[in-house]
Structure formats: C-alpha cells, structure tokens
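> Got a predicted model here, sequence first, then my questions.
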Amino acid sequence: MDPLCGRPAWAVAATAEQFAVRGSDATDGLSNQSRGIGVRVSLRAIGGYGGFPDRPTPSPFSQRVNNPAILPDAVWKLGYFRLTIELIKTGPAATPGELEYHSEHFLMAEHTPLAALDLSGRVNTAGCSVNDATPALIKLPAAMLDHFGGVGKTTGDTPFALQLDCNSAVTISLRVDGAEPLTARGHGVLRNDATDDRAQGIGVQLLYHRQPVSLNHEMTLGSASAGRFILPLTARYYQTRLRITAGQVSAVATYTLHYD
C-alpha cells in the first residue's frame with residue numbers, strides 16, 4: 001500500500017473545552033475497481049494526549065479529548081499519531097484492480113477538519129502463468145521390445161518441465177488427471193490410448209523429481225517466489241503386463257495448477 005503506512009502523521013491535542021474527535025468511515029470515498037476488497041484505517045496517539053486512543057483503533061470512532069493544562073482556552077495544537085492501513089476481504093471473491101481511498105474530512109474536531117487522507121494502490125492476482133516454453137506434446141524415443149524385461153520395467157526416460165512465471169510468493173499444488181491401466185494403478189502410469197496399431201502391455205509413466213506422480217490427486221509441490229518456477233518432470237515407457245507387443249504408444253494427461 002501507500003508508504004503512509006507506519007509513518008507518523010498529525011494528531012490532536014485538545015481545546016480548552018472537550019470535543020469529539022471523529023475518524024472517517026473506512027469506506028468513505030472508496031473508489032475500488034478491485035471488487036471484494038475494502039480498506040480499514042486504525043489510529044493511535046504516539047504522545048500523551050488525554051483521551052485519544054493509545055492503541056490502534058479502527059475508524060470510524062468518536063473520542064473525547066481533554067485539554068492539557070498548559071494550553072489557554074480556545075487553543076489547540078497538533079502532535080503525532082500513527083496510522084495502520086489494512087486491506088480487508090469484503091466478499092466471497094476478490095478481483096484485481098485499482099484501489100483508491102479519499103477523504104477530505106478524515107479527522108474532525110467538531111465541525112473543523114483537521115486531516116485529509118489519500119491512498120492509492122493496485123491489487124494483483126497472486127498466482128502464476130504457464131510459460132510458452134512449456135511443451136504441450138512430449139515425444140518419447142523409439143524403444144525395442146528387448147528393452148523390457150518384466151512388469152514394472154521402464155525405458156526411454158524423457159525429461160521435460162512445466163515452466164511457470166509467478167507474480168508473487170505462492171504455494172503451488174499440481175493435479176495430473178489421466179486414465180490408468182488396471183494392472184499398474186498407483187504407479188503414475190497413463191494408459192496407452194493409441195487408436196491405430198496399439199502396443200500391448202505398455203503405458204507411459206510420469207515422474208516428478210524422479211518419483212511417480214500421484215495421478216488424479218492433488219500434490220503440494222512447495223512455495224514459489226516471484227519469478228520463474230520450474231517443475232521438473234520425466235515421461236517414460238512402463239511395462240504393465242507380462243506379455244507385450246510392438247506398436248504405437250500414445251497417452252493423454254491433463255494438469256491443473258492451484259495457488260495459495
């Protein structure tokens with residue numbers, strides 16, 4: 001938010017008579033293209049001004065402030081107070097956009113305006129986008145039948161990566177959905193769905209950091225900082241049955257990324 005956060009601004013010591021100090025409504029003058037987000041402003045006195053809040057107090061509020069004995073009647077002066085500015089989620093879904101807050105009469109002493117407040121900022125979506133360098137099609141090398149020696153044997157390791165561009169620090173979860181062969185469930189193996197000249201007893205296994213991907217389940221991968229984040233994956237042939245035949249191998253997977 002605006003660098004006003006945490007900086008001292010002016011506060012009120014009182015007149016000879018008691019009067020009400022009123023904070024502005026937290027939505028007064030709010031121009032918000034980012035729907036579902038509001039602004040909350042809290043104030044506290046830094047110095048000892050009798051009656052002004054000595055701990056963060058959200059506006060709007062009214063407070064009776066007593067005049068220090070050293071001030072003559074009908075005289076008031078300004079001292080320091082501290083603002084705390086927070087963004088508050090106000091709806092079920094928040095959207096990105098510009099955020100502006102303006103109040104000419106943020107702080108009042110009866111009918112006398114003492115302070116105005118202007119804030120501006122932008123709310124961005126916390127998340128990542130898939131970089132264009134991420135391949136949509138992974139081509140495995142040709143393999144010979146004698147490369148397989150039994151159920152669970154693999155060959156043709158082909159590394160690739162999902163490359164993400166993240167605009168902030170987020171926790172990333174990955175879900176890979178695909179059909180599994182009945183004889184190789186729980187091993188990250190996709191069923192061979194080639195339509196013509198299909199190889200028998202062969203599937204495609206997916207690995208993340210050399211470990212089988214848990215298909216059809218969400219996996220938490222860890223935290224990404226702002227910038228490029230790479231998910232290293234590997235695809236390879238996997239023998240799913242004792243009897244195998246030569247032919248075409250084709251498998252399809254859909255991946256979904258979640259950000260928190």
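Ah, there it is.

> For stretch 101-115, buried residues please.
For stretch 101-115, a neighbour-count test (16 or more other C-beta atoms under 10 Å) marks 101, 103, 105-109, 114-115 as buried. Just so you know, the C-beta spots here come from the backbone N, C-alpha and C atoms, and that holds for glycine as well.

> now swap in stretch 207-220 and tell me
Using 16+ other C-beta under 10 Å as the burial criterion, the residues of stretch 207-220 that qualify are 207-208, 212-215.

> Go through the buried residues of stretch 101-115 and name the one nearest Asp177.
Taking C-beta to C-beta as the measure, Asp177 lies nearest Tyr101 of the buried residues of stretch 101-115, at 43.4 Å.

> how much space between Gly156 and Thr183?
According to C-beta to C-beta, to the nearest Å, Gly156 and Thr183 sit 19 Å apart.

> Which helix or which strand is home to the residue lying closest to Ser173 once chain neighbours are set aside?
Distances taken as C-beta to C-beta, 6 or more residues apart in numbering put His258 closest to Ser173, at 4.2 Å, once the chain neighbours are dropped. Using DSSP states H and E, His258 falls within strand 254-259.

> and that strand, which strands flank it?
Strand 254-259 pairs in its sheet with strand 170-177 (antiparallel), by DSSP bridges.

> and the next helix or strand after the partner strand, what's its mean pLDDT?
Next along the chain after strand 170-177, taking DSSP H and E as the criterion, comes strand 189-190. The predicted model gives strand 189-190 an average pLDDT of 97.

> How far off centre is strand 189-190?
The chain centroid and the centroid of strand 189-190 are separated by 31 Å under C-alpha atoms, centre = their mean, to the nearest Å.
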